[in-house]
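1. A structural model of the following input is requested.
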Amino acid sequence: MRQPAYYITHGGGPCFWMDFPPPLGPKAYESLRAFLDGLIGSLPARPKSVLVVSAHWEAPVPTVGSGEAPGMLYDYYGFPPHTYELSYPAPGNPALAARVQELLSRAGIASAADAERGFDHAVFVPMLIADPKAEIPVVTLSLQEDLGPEAHLAVGRALAPLRDEGVLILASGSSYHNLRDIFRGGEASSVEFDTWLRETAEAAPDLRTSRLIDWEAAPGARACHPREEHLIPLMVAVGAAEHEPGVTVYHARIGGKPYSCFAFGAA
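-> Numbers count the residues shown, from 1 in each chain. You can find the predicted model right below:
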């Protein structure tokens, strides 16, 4: 069965294994945890592999993690010691990594492979909730460091055939990502942008694409994404299901800010 393409918020650092002070509070991420916990079961079939597009990996060209047994990459700082002991021993899938490069090459997109890259927290944090037994093979894909929306829509288009090959495309970022303001103001801008983003995700495909290309013109856009690396994975998910409907699959407030996740091409 054809898999959808998802864009998810992966939370703040190792958020599911620690308590936060106000305004977040100790149970701030429980609704997001519940959503991720049910993600695999909500799919039309259990995926053969998951391709995670990581907001925490940028490279000159799209680069795929090709290792057989990726290690851990604790790319967060200042958190409790136990959060650096988390382990996610999911296997890689070198054959899928090669397939990703093949599809990108067919589309005229240069790419690279990295057999040493471990799972960063945009990968292992949500996957530890979605597949806690680490049974599904996981392959990671970087962003292109210029962060251009059209380039990442093109990456998604190139990778669309994977959905018919049992691969879940999971674009892992955050619909809101302003670390300076996360514990203080900015609620009005965050609501404006989240409303625009949900309307855009659920819009007719042609309108959705054009709005995403011009995302910086959206109300509150730069207030919510001073740098866009956590938004750009969305472009890959949309490109992979560009002519299919989008739906909001998660929407909640965390610490006063709204966050949303989307599925494209879901049955």
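
2. roughly how far out does the helix or strand that contains residue 170 sit from the chain middle?
-> Using DSSP states H and E, residue 170 falls within strand 167-173. Offset of strand 167-173 from its chain centre (CA atoms, centre = their mean, to the nearest Å): 5 Å.

3. what pLDDT, on average, does it get?
-> Averaged over strand 167-173, pLDDT sits at 98.

4. packing partners for that strand?
-> Applying 3 or more CB pairs under 8 Å, 6 or more residues apart in numbering; DSSP states H and E, one finds that strand 167-173 makes contact with strand 5-9, strand 49-59, helix 121-130, helix 233-240. (Each C-beta comes from the backbone N, C-alpha and C, glycine too.)

5. please tabulate these in CSV, including the columns distance to residue 111.
-> What follows is those, written out as CSV (distance: least, CB to CB, whole Å):
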stretch, distance to residue 111
strand 5-9, 18
strand 49-59, 9
helix 121-130, 18
helix 233-240, 13
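
6. out of the ones you listed, which gets nearest to residue 33?
-> Closest approach to residue 33 among the helices and strands packed on strand 167-173 is made by helix 121-130 (5.8 Å; CB to CB).

7. could you give the angle of that closest one to strand 5-9?
-> Here the directions of helix 121-130 and strand 5-9 differ by 100 degrees (axes from the mean of the first three to the mean of the last three CA atoms, to 10 degrees).

8. next, the angle from the next helix or strand after helix 121-130 to strand 49-59.
-> Proceeding N to C from helix 121-130, the next assigned helix or strand is strand 138-144, under DSSP H and E. Relative orientation of strand 138-144 versus strand 49-59 (the same axes, to 10 degrees): 30 degrees.

9. next structured bit after strand 138-144?
-> Next along the chain after strand 138-144, taking DSSP H and E as the criterion, comes helix 149-159.

10. what packs against that next one?
-> Judged by 3+ CB pairs under 8 Å, 6+ apart, the packing partners of helix 149-159 are helix 94-106, strand 138-144, helix 205-213, helix 233-240.

11. which residues are in contact with the last one?
-> Among residues not part of helix 233-240, those counted as contacts by CB atoms under 8 Å, 6 or more residues apart in numbering are 5-7, 53-55, 141, 143, 149-150, 152-160, 162-163, 169, 171-173, 201, 208-209, 212, 246, 262, 264-265.

12. returning to what we had before: highest mean neighbour count out of the helices and strands packed on helix 149-159?
-> helix 233-240 (a mean of 29; mean count of other CB atoms under 10 Å).

13. so what's the gap between it and the chain middle?
-> With CA atoms, centre = their mean as the basis, helix 233-240 stands 9 Å off its chain's centre.

14. related to what we said a few turns ago, now the helices and strands packed on helix 149-159 as CSV including mean pLDDT and distance to residue 184?
-> Formatted as CSV, the helices and strands packed on helix 149-159 follow (pLDDT from 0 to 100; distance: least, CB to CB, whole Å):
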stretch, mean pLDDT, distance to residue 184
helix 94-106, 98, 40
strand 138-144, 98, 28
helix 205-213, 97, 28
helix 233-240, 98, 25
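
15. any chance of those in TSV, plus distance to residue 113?
-> Formatted as TSV, those follow (distance: least, CB to CB, whole Å):
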stretch	distance to residue 113
helix 94-106	6
strand 138-144	10
helix 205-213	28
helix 233-240	17
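
16. tell me which of the ones you listed sits nearest to residue 74.
-> Here strand 138-144 is closest among those (CB to CB), at 15.0 Å.

17. quick one, the closest one and helix 233-240 angle?
-> Put simply, strand 138-144 runs at 110 degrees to helix 233-240, going by the same axes, to 10 degrees.

18. no further questions, thank you.
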